[in-house]
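Enquirer: sequence? don't have it. structure:
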């Protein structure tokens with residue numbers, strides 16, 4: 001397995017993954033988000049900004065992680081980040097937010113997600129980012145266990161954009 005930065009030619013793969021909805025709560029989607037062009041506009045910045053990495057095995061994409069650098073001072077007033085104690089964030093307010101983590105069902109529990117998250121952490125550190133944020137639904141015990149193994153800690157638990165309870169986690173780099 002190899003982890004590599006996504007390139008524009010990978011955008012179609014990332015769109016397919018996003019639109020498959022595999023493992024996503026139905027209420028996550030907004031009207032029109034099944035549209036390929038809307039999804040392309042949403043995901044293209046991750047590829048352009050270097051916040052998309054793929055796990056590849058034998059030429060096939062078996063995992064993906066999408067993330068972006070955020071600034072606490074610039075997040076929306078309604079954002080979940082406003083509900084987290086500001087002291088959790090670095091003094092400069094910059095952090096990496098994981099947007100999506102996906103592993104092909106045939107390759108799960110084989111270290112793919114671990115490798116993707118570790119690569120993101122290396123890349124974030126290289127860009128001067130000192131914290132990674134992620135969240136998952138409480139029903140995803142295996143994802144919570146993975147995050148705990150990698151040193152993430154819970155900083156919030158509750159609904160974000162719907163009634164589903166999600167756990168917000170951070171890791172200082």
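Expert: Okay, I see it. Bear in mind the structure is a predicted one, so any value in this text is a computation, not a measurement.

Enquirer: What residues are bridge-paired with the residue positioned nearest the centre of the chain?
Expert: Note on the chain: the residue nearest the mean C-alpha position is residue 98, at 2.5 Å, using Cα atoms, centre = their mean. Listed by DSSP bridges, the beta-bridge partners for residue 98 are residue 67.

Enquirer: I'd guessed it sits against residue 134; true?
Expert: Yes - look at residue 98 against residue 134 with Cβ atoms under 8 Å: they come within range, at 4.1 Å. (C-beta placed from N, C-alpha, C; glycine too.)

Enquirer: gap between residue 63 and residue 117?
Expert: For residue 63, the distance to residue 117 (Cβ to Cβ, to the nearest Å) stands at 10 Å.

Enquirer: mind checking pLDDT for the residue nearest to the centre of the chain?
Expert: On the pLDDT scale, residue 98 is placed at 97.

Enquirer: go on, residue 27?
Expert: pLDDT, residue 27: 44.

Enquirer: Can you give the contact residues for the longest helix along the chain?
Expert: In the chain, with assignment by DSSP state H, the single longest helix is helix 112-126. Defining contact as Cβ atoms under 8 Å, 6 or more residues apart in numbering, one finds that helix 112-126 is touched by 1, 3, 50, 53, 55, 62-65, 67, 69, 96, 98, 101, 103-104, 132, 143, 146, 149-150, 171, 173.

Enquirer: Toward the C-terminus, what is the element adjacent to it?
Expert: strand 131-137 (DSSP states H and E).

Enquirer: helices or strands next to that following strand in the packing?
Expert: strand 94-103, helix 112-126, helix 141-149, strand 165-172 (3 or more Cβ pairs under 8 Å, 6 or more residues apart in numbering; DSSP states H and E).

Enquirer: Could you identify which of these is most buried?
Expert: Stretch with highest mean neighbour count among the helices and strands packed on strand 131-137: strand 94-103 (a mean of 20; mean count of other Cβ atoms under 10 Å).

Enquirer: Please name every helix or strand in contact with that one.
Expert: Strand 94-103 packs on helix 11-20, strand 60-71, helix 112-126, strand 131-137, going by 3+ Cβ pairs under 8 Å, 6+ apart.

Enquirer: and the angle for the second one with strand 94-103?
Expert: Spelled out, it's strand 60-71. For strand 60-71 against strand 94-103, the angle by axes from the mean of the first three to the mean of the last three Cα atoms, to 10 degrees is 160 degrees.

Enquirer: how distant is strand 60-71 from the center of its chain?
Expert: On the basis of Cα atoms, centre = their mean, to the nearest Å, strand 60-71 sits 6 Å off its chain's mean C-alpha point.
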